[in-house]
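Visitor: Task: produce atomic coordinates for the following.
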Amino acid sequence: MESNRQRKVAQIIQEDFAELFRKQAADSKQNILVSVSDVKVTADLGIAKIYLSIFPQEFRSHIMKEIEENKPQYRNFIGQKMAKQVRIIPQLSFYLDTSLDDVEKLEKELRGEGDNPVL
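Guide: Numbers count the residues shown, from 1 in each chain. Take a look at the predicted model:
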């Protein structure tokens with residue numbers, strides 16, 4: 001169970017990264033959407049797991065690779081935003097969130113549009 005402090009830190013990280021990725025997408029002039037779907041912070045606030053949804057799908061591996069390469073800059077960014085609120089800036093781990101794809105696939109199957117035949 002998450003503490004209030006964990007939820008608060010996770011919310012700050014989620015909002016700050018959502019704004020950062022929105023600005024980066026606007027500056028890149030490409031039609032790419034990177035959204036922060038969830039953030040989980042460990043009890044000691046030392047690690048933040050950040051779950052990202054990236055659309056369109058064909059850019060996912062490239063964007064995730066780019067994010068992993070720039071992880072120190074992202075930690076510095078979040079450190080500047082959270083400097084007055086926490087003692088230790090958490091290590092960042094980025095994960096691809098495919099839950100929306102799973103929901104879409106399931107809905108297609110239920111409509112009979114997938115590989116599953118309608119009985």
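Visitor: helix, strand or coil for the spatially most central residue of the chain?
Guide: The C-alpha lying nearest the average C-alpha coordinate of the chain belongs to Leu52 (CA atoms, centre = their mean; 2.5 Å). Here Leu52 is recorded as strand under DSSP: H, G, I helix; E, B strand; the rest coil.
Visitor: how about the strands in the chain?
Guide: Along the chain, counting by DSSP state E, strands occupy 33-41, 47-55, 91-96.
Visitor: Quick one: the ones you listed as TSV, columns for mean pLDDT and distance to Pro72 too.
Guide: Glycine gets a C-beta too; all of them are placed from N, C-alpha and C. Listed next are these as TSV, based on pLDDT from 0 to 100; distance: least, CB to CB, whole Å:
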stretch	mean pLDDT	distance to Pro72
strand 33-41	94	18
strand 47-55	94	14
strand 91-96	96	9
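Visitor: need these in CSV with distance to Asp115, can you?
Guide: Compiled in CSV, those are given as follows (distance: least, CB to CB, whole Å):
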stretch, distance to Asp115
strand 33-41, 27
strand 47-55, 23
strand 91-96, 23
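Visitor: Select, out of those, the one closest to Asn70.
Guide: In this view, the strands of the chain are compared for proximity to Asn70 by CB to CB, and strand 91-96 is the closest at 10.0 Å.
Visitor: sorry, back to before: so which of the strands of the chain is nearest Gln85?
Guide: In terms of CB to CB, the element of the strands of the chain nearest to Gln85 is strand 33-41, at 12.4 Å.
Visitor: quick one: the closest one to strand 47-55, angle?
Guide: Using axes from the mean of the first three to the mean of the last three CA atoms, to 10 degrees, the interaxial angle of strand 33-41 with respect to strand 47-55 works out to 160 degrees.
Visitor: for this structure, what's the longest helix?
Guide: Looking across the chain with DSSP state H, the single longest helix is helix 4-28.
Visitor: Measure how buried the residue nearest to Lys49 when sequence neighbours are not counted is and give me the count.
Guide: The shortest distance from Lys49 to any residue that is not its chain neighbour, by CB to CB, 6 or more residues apart in numbering, is 4.5 Å, and that residue is Lys40. Burial of Lys40 is recorded as 16 neighbouring residues (other CB atoms under 10 Å).
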